[in-house]
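In: Next one to model:
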Amino acid sequence: MKSVNKLITRIISIYSQKLYFQIAYFHHRKRLPNLKNPQDLSELWIKRLLEGKINYYYYLADKYEVRKYVKECGCENILPHLYGFYTQGSQFDMTTLPEKFALKANWGATMNLICVDKSKYTQEMIRKQIDSWLSTPSYNNNERHYDLIKRKIICEEFIDDGTGGFPIDYKFICLKGNIRVILVCNGRETGHADYIPYDIHWNAKMDYCISKHEKSEILPRPKNLESMIATAKRLASGIDMVRIDLYSNGSKIWFGEMTLTPDGCIFRRWTQKAIDEMGDYYRTH
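Out: Numbers count the residues shown, from 1 in each chain. Next up is the predicted model:
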């Protein structure tokens, strides 16, 4: 049934991007989006995408090309070490890599391989995975700016933030250059990540996350939170809407990515209160 639904969604998106968003928004919010006079953050973000404005910044969503932008912002020191990139699986050579490394597609999401033990993989296994990612279909639906990116798989250092598992992901929702919410993603190595929203003073905003994504355990405030905030604001300067993903071990900061369409602009993890308040901020600033 899921495969059928995905096929139907793909067919709809090919013929009408607007209809795709109306259905996706209705499916989650139980009402049609107001795209003529958008109010909440999801409606505002969808409208901006439909107008094609996000395409002007497509290179920021390119996990390879964005490194140039980060350097231009004076933040080169936060870039993870780049071991190389591949445009076909046969180019991958495991013998040149350390025990731990991270592979990810420079476009889109979910195409990641975090290696913490090379003995669990063979070179042929990873080469096939790279070719599989590179041959995935184009983005015919909501995030068409990814099709403007020249595809490659990049290999970066494994980020060790001292937690013992996958690093904690700090996602800064930035509107008109200012940070409205920090969505913290933790425990991805378990297969079921926890998401906790915080404001810039590290007050948990549990009423911003729908119940199935809530977690009662509050994470410690990062020792270098102020530096992370300053870094996110520098990277977001001059951009109306963007999400900046960073990692930290309390003293060092690493750059993750810049996302131009978080959660496909639908914000499934967020309550209506959250997107209403963030939408109000965007419209009044």
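In: okay, CA-based contacts and neighbour counts for the rest of this
Out: Noted.
In: Could you pull up the contacting residues of residue 60?
Out: For residue 60, the contact set (C-alpha atoms under 8 Å, 6 or more residues apart in numbering) comprises 66, 69, 258, 259, 260.
In: The same query, at a cut-off of 10 Å, please.
Out: 54, 66, 67, 68, 69, 70, 149, 242, 257, 258, 259, 260 (C-alpha atoms under 10 Å, 6 or more residues apart in numbering).
In: Which neighbouring elements make contact with the helix or strand containing the third one?
Out: Think residue 67. Assigned by DSSP states H and E, residue 67 belongs to helix 66-72. Packing contacts for helix 66-72, counted by 3 or more C-alpha pairs under 10 Å, 6 or more residues apart in numbering; DSSP states H and E, involve helix 225-236, strand 253-259.
In: helix or strand right after that helix?
Out: Next in line after helix 66-72, if elements are assigned by DSSP H and E, sits strand 82-86.
In: Could you double-check that residue 263 sits in contact with residue 242?
Out: No: taking contacts as C-alpha atoms under 10 Å, residue 263 lies outside contact range of residue 242: 11.7 Å.
In: Look at these two and report which has more neighbours.
Out: Using other C-alpha atoms under 10 Å as the criterion, residue 263 and residue 242 rank with residue 242 on top: 25 against 13.
In: can you give me the angle the helix or strand where the more buried one lies makes with helix 225-236?
Out: Secondary structure from DSSP H and E places residue 242 in strand 241-248. Interaxial angle, strand 241-248 versus helix 225-236 (axes from the mean of the first three to the mean of the last three C-alpha atoms, to 10 degrees): 140 degrees.
In: and strand 241-248, how far from the chain's centre?
Out: 8 Å (C-alpha atoms, centre = their mean, to the nearest Å).
In: Then stretch 163-172?
Out: In terms of C-alpha atoms, centre = their mean, the centre of stretch 163-172 is found 13 Å from the chain centre.
In: Please apply the same query to stretch 57-64.
Out: So, by C-alpha atoms, centre = their mean, the centroid of stretch 57-64 is 11 Å from its chain's centroid.
In: Give me the distance between the two termini of it.
Out: Stretch 57-64 stretches 14 Å from its first residue to its last (C-alpha to C-alpha, to the nearest Å).
In: Give me the average confidence score over that stretch.
Out: Averaging pLDDT along stretch 57-64 yields 96.
In: Test my guess that residue 142 contacts residue 47.
Out: No: Residue 142 is beyond contact range of residue 47, at 11.3 Å (criterion: C-alpha under 10 Å).
In: which neighbours do the two share?
Out: 18, 21, 265.
In: Adding distance to residue 184, neighbour count and secondary structure, write those residues out as a markdown table.
Out: Below are these laid out as a markdown table (distance: C-alpha to C-alpha, whole Å; neighbours: other C-alpha atoms under 10 Å; DSSP: H, G, I helix; E, B strand; the rest coil):
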| residue | distance to residue 184 | neighbour count | secondary structure |
| --- | --- | --- | --- |
| 18 | 30 | 18 | helix |
| 21 | 26 | 25 | helix |
| 265 | 18 | 22 | helix |
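In: Just the closest of those to residue 124, please.
Out: Residue 124 lies nearest to residue 265 out of those, by C-alpha to C-alpha, at 36.4 Å.
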